[in-house]
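Enquirer: predicted model and sequence follow; I will ask about them next.
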Amino acid sequence: VTRQRNGQSWGLGAEALQSAVQAPSSLRSHRSYDAVIIRWSLQVQATEEEGQLSGSGSPETADRRRLGAYMTPPWLAQVMGQLLGPVETVIDPACGTGHLLDAIDAPVRLGVEIDTGRARTAQSKGHRVHQGDALSLICPNARDMLLGRRQVQAIIGNPPYVGEKGNSHLFRRLRTLPEWQGKLVPRQDLQQLFLLLALELLEPGGECVFLMNPYWLTSDAGEVVRQRLSQESTLLTLVDFGQLRLFDDAPGQHHLIIHFRKTTEGKPTRFVSVRERNALSRLTLALAGQSVPGITMQSGTIRVSGPKARWYNPSAHDTQLQHMEAIGLTLGDRFETHQGVVSGADDLFLLTPEKLAELNLTDREKSVLKRVVRARHIRPFGISDSNQSVLYLDGQTPIENLPTIATYLSPHRARLAARREVRNQRMP
């Protein structure tokens with residue numbers, strides 16, 4: 001836990017922080033806690049053995065993928081700022097270098113950023129940015145100490161896309177806070193938790209604009225978020241980017257912008273569908289009411305269906321999925337899923353279309369490519385495109401018969417031979 005005052009920083013460890021948050025009010029009001037600002041779980045204090053995410057480093061390093069930190073491009077920040085409009089006070093709980101705060105018309109612009117370098121960059125722009133873990137703001141006392149207020153008028157953000165798989169230690173730490181208990185379910189990702197946090201942070205009538213993945217709209221894990229949003233907010237705008245890639249190297253390549261108000265007034269939702277890349281630069285014009293080729297708009301309400309209260313965007317594709325659900329037959333009724341390929345070196349074996357074009361494989365070599373389908377691409381009634389292929393080398397085809405692939409992998413021979421599955425002779 002840190003706070004800067006007169007150019008200096010003070011620190012408090014995770015255990016001490018939890019004690020402070022849960023301490024009696026007489027202790028919490030003591031002046032020694034005036035400097036407390038949350039810098040809790042996703043920070044540098046955890047050990048390497050836990051696989052903890054680094055709280056520092058360049059966004060261009062491998063930590064960017066592990067942190068789920070993909071900087072919002074200026075054009076997209078402008079779109080999101082346009083949706084939010086002018087406000088008095090706004091906070092970006094995952095502000096990065098401050099691109100979204102730059103785009104907001106607000107006298108008071110607050111930010112929280114877990115990465116030291118990015119937080120300093122945002123601070124250099126004049127934004128009031130604190131380095132720390134925004135998910136700790138679920139604690140009211142933490143909000144008092146960090147923000148000087150319990151609620152804010154507006155929230156904007158591009159929350160990190162980090163799933164529970166491979167990061168269970170992050171979610172275990174969150175479960176130690178009483179305020180997160182009852183809100184965490186299996187297979188959630190951090191983006192869903194930021195939505196729940198937004199509902200706690202917003203004052204009545206306040207608005208939130210987030211860039212997110214769309215998987216929580218229909219996933220089992222997203223049920224908690226969908227129920228809370230349905231009960232406590234009105235969905236104002238949903239911008240669906242379909243298959244368009246907004247980030248070149250992000251693990252999830254499906255995105256939407258959600259814009260909601262903390263009220264239950266029942267206003268119709270504006271559904272925006274962007275299907276052509278050359279239309280992205282004109283999205284601000286479309287939102288202002290102009291007709292733009294490649295962008296369609298319609299007004300209506302989100303379609304809620306099934307016992308899990310799944311949300312369906314009233315586009316043609318989602319309408320088909322809703323009809324399939326009405327029939328009552330899901331992919332789970334037809335197929336069983338098991339653990340798939342374990343490569344031990346996904347960065348080598350999982351190939352994007354750009355990498356495939358660079359390799360220029362022969363037709364024979366292309367025969368060992370398999371389409372990648374991850375759990376996040378499987379919806380109850382359909383499979384979305386992962387935009388990746390895997391080199392499926394099962395030993396049946398001698399590597400000598402695949403010269404381009406052999407040349408591609410040969411510089412990494414030592415690393416590949418050191419994999420656990422190879423050492424245990426489970427793979428060639």
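Expert: Now that the structure is in, tell me what you want to look at.
Enquirer: sketch out the low-pLDDT regions of the stretch 301-428 of the chain for me.
Expert: Along the stretch 301-428 of the chain, the model assigns pLDDT under 70 to residues 315-325, 329-332, 336-340, 375-376, 379-381, 428.
Enquirer: ranges for the strands of it?
Expert: Secondary structure of the stretch 301-428 of the chain by DSSP state E, counting those that start in this stretch: the strands cover 303-305, 310-312, 350-351, 369-371, 378-379, 382-383, 389-391.
Enquirer: quick check: next helix or strand after the top strand by length along the chain?
Expert: Secondary structure assigned by DSSP state E gives strand 202-212 as the longest strand of the chain. Going down the chain from strand 202-212, the next helix or strand is helix 223-232, by DSSP states H and E.
Enquirer: one step back: mean neighbour count and distance to residue 269 added to the strands of the stretch 301-428 of the chain, as CSV?
Expert: Bear in mind the C-beta positions are built from the backbone N, C-alpha and C, glycine included. Converted to CSV, the strands of the stretch 301-428 of the chain look like this (neighbours: other Cβ atoms under 10 Å; distance: least, Cβ to Cβ, whole Å):
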stretch, mean neighbour count, distance to residue 269
strand 303-305, 15, 10
strand 310-312, 22, 11
strand 350-351, 18, 36
strand 369-371, 14, 34
strand 378-379, 18, 21
strand 382-383, 13, 22
strand 389-391, 20, 36
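Enquirer: and those strands: which comes nearest residue 327?
Expert: Nearest of those to residue 327, taken as Cβ to Cβ: strand 303-305 at 11.6 Å.
Enquirer: still on that earlier bit, relative to residue 422, which of the strands of the stretch 301-428 of the chain is closest?
Expert: The nearest among these, by Cβ to Cβ, is strand 389-391 at 15.0 Å.
Enquirer: now the longest strand of the chain: average pLDDT?
Expert: The pLDDT scores in strand 202-212 average 95.
Enquirer: export it as CSV, just CAs?
Expert: In CSV, the C-alpha atoms belonging to strand 202-212 read as follows (Å, rounded to 0.1, in the frame of the first residue of the first chain):
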residue,chain,number,x,y,z
LEU,A,202,-20.6,4.6,-9.4
GLU,A,203,-23.0,7.0,-7.7
PRO,A,204,-26.7,6.7,-8.6
GLY,A,205,-27.1,8.0,-12.1
GLY,A,206,-23.4,7.6,-12.8
GLU,A,207,-22.1,6.1,-16.1
CYS,A,208,-19.5,3.6,-17.1
VAL,A,209,-17.8,2.9,-20.5
PHE,A,210,-15.6,-0.2,-20.7
LEU,A,211,-13.8,-1.9,-23.5
MET,A,212,-14.2,-5.7,-22.9
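Enquirer: list the strands paired with that strand, with their directions.
Expert: Sheet pairing of strand 202-212 (DSSP bridges) gives strand 152-157 (parallel), strand 256-261 (antiparallel).
Enquirer: which one of the strands of the stretch 301-428 of the chain lies closest to residue 228?
Expert: Closest approach to residue 228 among the strands of the stretch 301-428 of the chain (Cβ to Cβ): strand 310-312, 12.4 Å.
Enquirer: what ranges do the strands span in the stretch 151-300 of the chain?
Expert: With DSSP E, counting those that start in this stretch, the ranges of strands along the stretch 151-300 of the chain come out as 152-157, 202-212, 234-240, 256-261, 269-274, 295-300.
Enquirer: would you turn the ones you listed into TSV with distance to residue 108?
Expert: Below are the strands of the stretch 151-300 of the chain laid out as TSV (distance: least, Cβ to Cβ, whole Å):
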stretch	distance to residue 108
strand 152-157	9
strand 202-212	13
strand 234-240	22
strand 256-261	19
strand 269-274	27
strand 295-300	32
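Enquirer: ranking those strands by burial, who's on top?
Expert: Among those, ranked by average contacts under mean count of other Cβ atoms under 10 Å, first place goes to strand 152-157 (a mean of 26).
Enquirer: thought residue 297 was touching residue 269?
Expert: No: using Cβ atoms under 8 Å, residue 297 is not in contact with residue 269, being 10.8 Å away.
Enquirer: remind me which residues of the stretch 101-250 of the chain are low pLDDT?
Expert: Low-confidence segments of the stretch 101-250 of the chain (pLDDT under 70): 248-250.
Enquirer: which of the helices or strands spans the nearest residue to residue 283 once chain neighbours are set aside?
Expert: In space, and not counting its chain neighbours, residue 283 is closest to residue 79: 5.2 Å by Cβ to Cβ, 6 or more residues apart in numbering. Per DSSP H and E: residue 79 is located in helix 74-84.
Enquirer: report the distance from that helix to the chain centre.
Expert: Chain-centre distance of helix 74-84: 18 Å, with Cα atoms, centre = their mean, to the nearest Å.
Enquirer: I'd like to know which elements it is packed against.
Expert: If you count contacts as 3 or more Cβ pairs under 8 Å, 6 or more residues apart in numbering; DSSP states H and E, helix 74-84 packs onto helix 99-102, strand 152-157, strand 202-212, strand 234-240, strand 256-261, helix 283-287.
Enquirer: give me that answer again for 7 Å
Expert: Here helix 74-84 touches helix 99-102, strand 152-157, strand 202-212, strand 256-261, helix 283-287, going by 3 or more Cβ pairs under 7 Å, 6 or more residues apart in numbering; DSSP states H and E.
Enquirer: what's the burial count for the residue lying closest to residue 422 once chain neighbours are set aside?
Expert: Spatial nearest neighbour of residue 422, excluding adjacent residues (Cβ to Cβ, 6+ apart): residue 416 at 6.7 Å. Neighbourhood size, residue 416 [other Cβ atoms under 10 Å]: 17.
Enquirer: and residue 416, what does it touch?
Expert: By Cβ atoms under 7 Å, 6 or more residues apart in numbering, residue 416 lies in contact with 345, 409, 422.
Enquirer: any idea how far the helix or strand just after the helix holding residue 79 is from the chain center?
Expert: For helix 74-84, the following helix or strand on the C-terminal side (DSSP H and E) is strand 89-92. Computed by Cα atoms, centre = their mean, the chain-centroid distance of strand 89-92 equals 18 Å.
Enquirer: list the strands paired with strand 89-92, with their directions.
Expert: Assessed with DSSP bridges, strand 89-92 is paired to strand 108-113 (parallel), strand 152-157 (parallel).
Enquirer: so for the first one, what gets flagged as buried?
Expert: Applying a neighbour-count criterion of 16 or more other Cβ atoms under 10 Å, one finds 109-113 buried in strand 108-113.
Enquirer: this completes my enquiry, with thanks.
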